[in-house]
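**Student:** model this:
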Amino acid sequence: MDLNSLRIFARVAELGSFTQAADQLGLAKGRVSMAVRRLEAHVGARLLHRSTRHVRLTTDGEQFLARCKDLIADAEQLQAMFQPAHSGLQGRLRIDLPNTLARDLIIPRLPEFLSAHPLLEIGISTTDRHVDVVQEGFDCVLRVGPLASTDLIARPLGAMAMCNLASPSYLQAHGTPSTLSDLSRHRLIHYAATLGAQGAGWEWQDGDAVRVHPMRSTLVVNGTDAYQAACLAGLGLIQAPVLGALRLLADGSLVKVMPGFTAPAMPVSLLYPQRRQLAPRVKAILDWLAQVVEPYLAQSAAAD
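**Tutor:** A predicted model of the protein is given here:
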């Protein structure tokens, strides 16, 4: 049985699309379709239901996919056992990272990982939305914030300390708040996944509870770069991770306010699909990401 055909089938099944699988694998759609047909002929079962708009697994396909993924991971582990240590790992990795962490922390360190594994190909997505790890074909994602119920495996790395930020120009125009009652005279830049979302408020940790003080917001953004840029432009106050603001705090572009009323620290986790065996390249990137990120989580907590 051709291992490459198994990889192609697994990607088509996960994405529910021959076209998307072909794009991710860098193959012609016809080649992907042919590989799946040959695999079905080889195993003697129909693995996928096809229509003009949808591709979904048959009952046999669901059983086959689970074993297929394990077989792919086992094969990669066996292959790695007999590769010279200096040759590194091979294959493709798809990872999703928060934009700020990717830009400021992870990508600057990426040359060291690729130097150790020069035969790897890495695709990095940097978005502020929560991608669908399985449907979009990611090997792992780095998440900041509380985790919803999921079938993914979570590897906690620590937490990012939070701080309250303003630009000097904003404070000069509106004054520096020091108490919750002062916030009635201030504006909050509202970060929300959906533009137009309501519920802007100032969060702070009060013992074991998290309190929210309603505030007026004249601007809603859905990206971390826009969130920080709006604060720099003097459009209002923000509550953001210390780690992403260290450079701007150091050069005075932003300053901390109301240190006694900060939002709770945000957990940081690596998430990846459940597998009986992790492919060596996936384990390698998980371990490396943890090695890069964890010390800075401790540093951000100390800085706050």
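**Student:** Now the strand or helix carrying residue 111: buried residues?
**Tutor:** Using DSSP states H and E, residue 111 sits in helix 107-116. When neighbours are counted by 16 or more other Cβ atoms under 10 Å, the buried residues of helix 107-116 are found to be residue 113. Placement of C-beta: from N, CA and C, glycine included.
**Student:** what's downstream of it, the next helix or strand?
**Tutor:** Along the chain past helix 107-116, the next helix or strand (assigned with DSSP H and E) turns out to be strand 119-126.
**Student:** Pull that following strand out as CSV, backbone CA atoms only.
**Tutor:** Output for strand 119-126, consisting of C-alpha atoms alone and laid out as CSV, is shown next (Å, rounded to 0.1, in the frame of the first residue of the first chain):
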residue,chain,number,x,y,z
LEU,A,119,14.5,19.1,4.9
LEU,A,120,11.3,20.3,6.6
GLU,A,121,8.8,22.6,4.9
ILE,A,122,6.8,24.8,7.2
GLY,A,123,3.6,26.7,6.5
ILE,A,124,2.7,29.3,9.1
SER,A,125,-0.7,30.9,9.5
THR,A,126,-0.9,34.0,11.6
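**Student:** number of nearby residues for the closest residue to residue 223 other than its chain neighbours?
**Tutor:** Using Cβ to Cβ, 6 or more residues apart in numbering and skipping residues adjacent in sequence, the residue nearest residue 223 is residue 128, 5.0 Å away. Around residue 128 there are 17 other residues, counting by other Cβ atoms under 10 Å.
**Student:** Do I have it right that residue 128 meets residue 96?
**Tutor:** No - in this structure, residue 128 sits apart from residue 96 without contact. The criterion is Cβ atoms under 8 Å, and the distance is 10.5 Å.
**Student:** elements contacting the helix holding residue 111?
**Tutor:** Here helix 107-116 touches strand 119-126, helix 280-303, going by 3 or more Cβ pairs under 8 Å, 6 or more residues apart in numbering; DSSP states H and E.
**Student:** Which among the ones you listed is found nearest to residue 92?
**Tutor:** Ranking the helices and strands packed on helix 107-116 by distance to residue 92, with Cβ to Cβ as the measure, places strand 119-126 first at 4.6 Å.
**Student:** Neighbouring strands of the closest one in the sheet, and parallel or not?
**Tutor:** Applying DSSP bridges, strand 119-126 is found paired with strand 90-97 (parallel).
**Student:** Which residue ranges of the stretch 201-304 of the chain form helices?
**Tutor:** 224-232, 246-250, 280-303 (DSSP state H, counting those that start in this stretch).
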